[in-house]
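> Pasting a predicted model and its sequence here:
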Amino acid sequence: MFLELIIALALGVLIGTITGLIPGVHINLVALFLLTISAALLQFFPPVSLAVFIASLSITHIFVDFIPTIFLGAPSEDTSLSILPGHEMLIAGQGYEAVILSVLGALIGVVLLIPLIHLFIIFLPVIYPYIQRIIALILILIILIMVLFEKDKILTLFIILLSGFLGYASLNLDLKDPLLPLLTGLFGSSSLITSISQKTFIPRQEIISIKKILEKTRISSFIKCIFASLIASPLCSFLPALGSSQASVVGSYVIGKISKKEFLILIGIVNTLVMSLSFITLYSINKSRTGSAVAVSKLIPLLSESDLSLIVLFIIISAVFSFAISIFIAKYFSRIIYKISYTKLSLFILIFLTIIIVIFSGIIGLVIYITSTALGISCILLGVKRTSLMGCLLIPTILIYLF
């Protein structure tokens, strides 16, 4: 049993590293593939080993996924917002620091999981029915705050509503993964096209020690991000249609003014915390919040306390390995990225993402991709904060809970 768990951990970290580095590949795709072959795998491995594999893969993917997001401008569903401050830091020669801040946040998120486990198990079954009733009101309040914090309130509201309409239309089409073309267009290809048009030059990247990065980052910044994530992540970890990106938006407005470095830390914390808590949610109220938790629920219909303990243990171990792997790969990217023509690289990534979208989402997905790209570029040109584009998920979620 122990050997099987170690193999599951090793394979999870390995495959999670690979999927994290490939733009357009989501954890859910791997989880879905595993479920299709689970009948054969269960003949050789116990269900809990496969659950450990999924958890290890998911956590590793989250860590490594920050690298293509920041260096290549190719976001996933969970890291779409980190492309904004991450790209700014890359242009300033601080791409390595941007990745380190993100994965430091991700590591903090896993640490925060430990004290939250018992609180979730005790209180979640009690408060879940009540919070579910007011989620629409909470999100409406968040949108109002987003608008009120902007100078051009009418234009911000217009972008939120327009992206919300696009998101609602996309999510109600018969597509395998509607978020792939939607979020890639809004946050990925729009940035890539802007970089190509502006002939963006990537300078030599500064590689500094983690100790120096920590010295440059105030303790108050970490405290702010932890506070924000503790408010937003638990809510988004058990309510359907709310994910890490929405939690990051909620968290950023909870603490008010936030720097780009703090935003990266916040997204890192929220991503791993939402993913990790989804397994706790599965145990406490039998709700599958993430694709990974859904896969585990199919393998183990009734999660036991010992199963959950093993999953949490290997989440922590995976996080430690993933942190080290991410630092190593980020150093390599930092050393070579300035030698490459960023315009040509952006064009290559743009073509690659387009092919991925056509393969997984078809012609309808391509139409969504083109439309969302146009909206993303418009947001950049109009000078509206691109967090407003998260209306693409906030508005549909509000409509789900209202109707």
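Yes, it's here. The structure displayed is predicted, hence computed values, not measured ones.

> Quick check: the gap between the spatially closest residue to Gly109 that is not a sequence neighbour and Asp152.
For Gly109, ignoring the flanking residues on the chain, the nearest one in space by C-beta to C-beta, 6 or more residues apart in numbering is Thr272 at 3.5 Å. The way it works is simple: take the backbone N, C-alpha and C, and place the C-beta from them, glycine included. Using C-beta to C-beta, to the nearest Å, Thr272 is found at 34 Å from Asp152.

> So for those two, which sits in the more crowded spot?
The neighbour comparison of Thr272 against Asp152 (other C-beta atoms under 10 Å) goes to Thr272, with 31 against 14.

> Now do the strand or helix carrying Leu161: everything it contacts.
Secondary structure from DSSP states H and E places Leu161 in helix 153-171. Helix 153-171 has contacts (C-beta atoms under 8 Å, 6 or more residues apart in numbering) with 143, 146-147, 150, 178-179, 181-182, 186, 368, 371-372, 375, 378-379, 382, 384-385, 388-396, 399.

> same thing but 7 Å
Helix 153-171 has contacts (C-beta atoms under 7 Å, 6 or more residues apart in numbering) with 143, 146-147, 150, 178, 182, 186, 368, 371-372, 375, 379, 382, 384, 388-389, 391-396, 399.

> What helices and strands are in contact with the helix or strand encompassing Leu214?
Secondary structure from DSSP H and E places Leu214 in helix 210-216. In terms of contacts (3 or more C-beta pairs under 7 Å, 6 or more residues apart in numbering; DSSP states H and E), helix 210-216 is packed against helix 95-148.

> quick one on the thing from earlier: of the contacts of helix 153-171, which belong to helices?
Using DSSP state H, the subset of these located in helices is 143, 146-147, 182, 368, 371-372, 375, 379, 382, 391-396, 399.

> coming back round to it: tell me which residues in the helix holding Leu161 are buried?
155-160, 162-164, 166-168, 170-171 (16 or more other C-beta atoms under 10 Å).

> What's the mean pLDDT across stretch 9-29?
When pLDDT is averaged along stretch 9-29, the result is 82.

> er, stretch 201-211 I mean
Per-residue pLDDT values over stretch 201-211 give a mean of 89.

> Report the spatially nearest residue to Thr60, omitting neighbours in sequence.
Gly16 (2.8 Å).

> With Gln94 instead?
Distances taken as C-beta to C-beta, 6+ apart place Glu206 nearest to Gln94, at 6.2 Å, with adjacent residues excluded.

> quick one, what contacts that neighbour?
Contacts for Glu206 (C-beta under 7 Å, 6+ apart) come out as 93-94, 96.

> do Gly12 as well
Gly12 makes contact with 52-53, 56-57, 60, 318 under the criterion C-beta under 7 Å, 6+ apart.

> May I ask which two of the residues you listed are separated the most?
Using C-beta to C-beta, the contacts of Gly12 reach their maximum pairwise distance at Val52 and Thr60, which is 12.2 Å.

> circling back: dump the contacts of Glu206 to CSV, plus pLDDT, neighbour count and distance to Gly20.
Shown next, in CSV, are the contacts of Glu206 (pLDDT from 0 to 100; neighbours: other C-beta atoms under 10 Å; distance: C-beta to C-beta, whole Å):
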residue, pLDDT, neighbour count, distance to Gly20
Gly93, 90, 15, 24
Gln94, 90, 23, 21
Tyr96, 94, 24, 17
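
> Serialize those to JSON lines and add fields for distance to Leu34.
Below are the contacts of Glu206 laid out as JSON lines (distance: C-beta to C-beta, whole Å):
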{"residue": "Gly93", "distance to Leu34": "40"}
{"residue": "Gln94", "distance to Leu34": "37"}
{"residue": "Tyr96", "distance to Leu34": "33"}
